[in-house]
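Asks: sequence unknown, structure follows:
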């Protein structure tokens with residue numbers, strides 16, 4: 001089940017509010033004591049996160065669970081930028097579980113969200129890698145202001161009585177962000193300038209019909225290590241042709257690459273030309289296919 005981006009927080013007694021975890025989605029299947037972990041795009045990733053899988057083996061039931069894997073900073077806050085390094089060492093990871101689809105062969109998806117979460121909470125064993133994604137009732141505006149003060153990504157709003165709709169994007173789940181962020185596809189990189197090694201900036205696009213739409217360049221947010229690692233990932237993807245029908249800036253200094261790597265950036269606003277203003281690189285996303293990356297647009301919430 002996927003959420004719709006909405007434009008503002010709200011208060012409503014029929015809704016509950018959770019943290020919007022700043023990591024990547026991971027579904028767990030437990031069958032006969034064996035744990036399988038899947039990314040949002042359906043890839044099995046159990047071997048990459050064996051310590052998390054071993055923690056989940058403590059659940060003595062067959063179940064299918066939904067949650068978000070995050071990396072925590074020294075203050076215990078989830079930070080997407082830390083996730084890739086944490087994945088190498090398996091340090092400072094936490095798997096926040098927020099929904100339950102199946103339990104001991106029974107389909108839980110038709111139950112209300114609150115019923116599913118109550119059953120889920122009782123399933124989760126005490127373990128430093130596992131946590132229940134708690135929620136608050138009704139007062140989303142106050143919760144959103146707290147997230148802003150703490151510098152968190154945002155909050156989720158979920159209709160308390162909603163069923164779980166597998167694979168669907170539903171207005172019963174809303175995401176409300178404290179800052180603008182966008183998944184992007186890397187389609188090129190420019191030549192390095194001055195003292196910066198490897199490349200100057202990344203050329204970014206989103207899917208538009210059967211092609212690609214240019215949404216800007218990002219040249220900030222990189223460490224020396226990420227510059228090197230990105231260059232190593234991009235170099236084998238070089239191609240002679242631009243993915244765009246129109247010309248874009250800095251083409252003479254651009255090396256084009258096949259549109260395969262998905263990243264996440266933060267930015268201040270969309271310009272009238274459809275480009276991101278002041279984008280900053282946050283990290284690669286391994287959990288989404290490039291063909292599925294569209295411009296995310298805010299939808300005003302319609303009260304029922």
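Replies: Arrived safely. These figures come from a predicted structure and were not determined experimentally.

Asks: By mean pLDDT, flag the weakest helix or strand of this structure.
Replies: Taking mean pLDDT, DSSP states H and E as the measure, the helix or strand of the chain with the lowest value is helix 80-89, at a mean of 70.

Asks: so what secondary structure elements neighbour the very next helix or strand once past that one?
Replies: Note on helix 80-89: by DSSP states H and E, the next helix or strand toward the C-terminus is strand 93-103. Counting contacts by 3 or more C-beta pairs under 8 Å, 6 or more residues apart in numbering; DSSP states H and E, strand 93-103 packs against helix 50-56, strand 63-71, helix 113-123, strand 130-132. The way it works is simple: take the backbone N, C-alpha and C, and place the C-beta from them, glycine included.

Asks: Run the chain-centre distance for strand 93-103.
Replies: Distance of strand 93-103 from the chain centroid (C-alpha atoms, centre = their mean, to the nearest Å) equals 15 Å.

Asks: do the same with stretch 6-25
Replies: On C-alpha atoms, centre = their mean, the centre of stretch 6-25 falls 14 Å from the chain's centre.

Asks: can you check stretch 204-217 too?
Replies: 19 Å.

Asks: Domain map for this structure?
Replies: The chain breaks down by automatic domain parsing into domains covering 2-177, 180-292.

Asks: a markdown table please, covering these and showing distance to residue 300.
Replies: Output for the domains of the chain, formatted as a markdown table (distance: least, C-beta to C-beta, whole Å):
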| stretch | distance to residue 300 |
| --- | --- |
| domain 2-177 | 5 |
| domain 180-292 | 16 |
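
Asks: Can you tell me which of the ones you listed is nearest to residue 299?
Replies: Among those, the nearest to residue 299 by C-beta to C-beta is domain 2-177 (5.4 Å).

Asks: how far does that closest one stretch from start to finish?
Replies: The first and last residues of domain 2-177 sit 15 Å apart, counting by C-alpha to C-alpha, to the nearest Å.

Asks: Show me the one of the domains of the chain that comes nearest residue 298.
Replies: Here domain 2-177 is closest among the domains of the chain (C-beta to C-beta), at 4.2 Å.

Asks: Buried ones in the strand or helix carrying residue 25, by neighbour count?
Replies: Assigned by DSSP H and E, residue 25 falls within strand 24-31. Residues of strand 24-31 classed as buried by neighbour count (16 or more other C-beta atoms under 10 Å): 24-30.

Asks: picking that back up, dump the helices and strands packed on strand 93-103 into JSON lines; add mean pLDDT as well.
Replies: Formatted as JSON lines, the helices and strands packed on strand 93-103 follow (pLDDT from 0 to 100):
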{"stretch": "helix 50-56", "mean pLDDT": "95"}
{"stretch": "strand 63-71", "mean pLDDT": "96"}
{"stretch": "helix 113-123", "mean pLDDT": "98"}
{"stretch": "strand 130-132", "mean pLDDT": "97"}
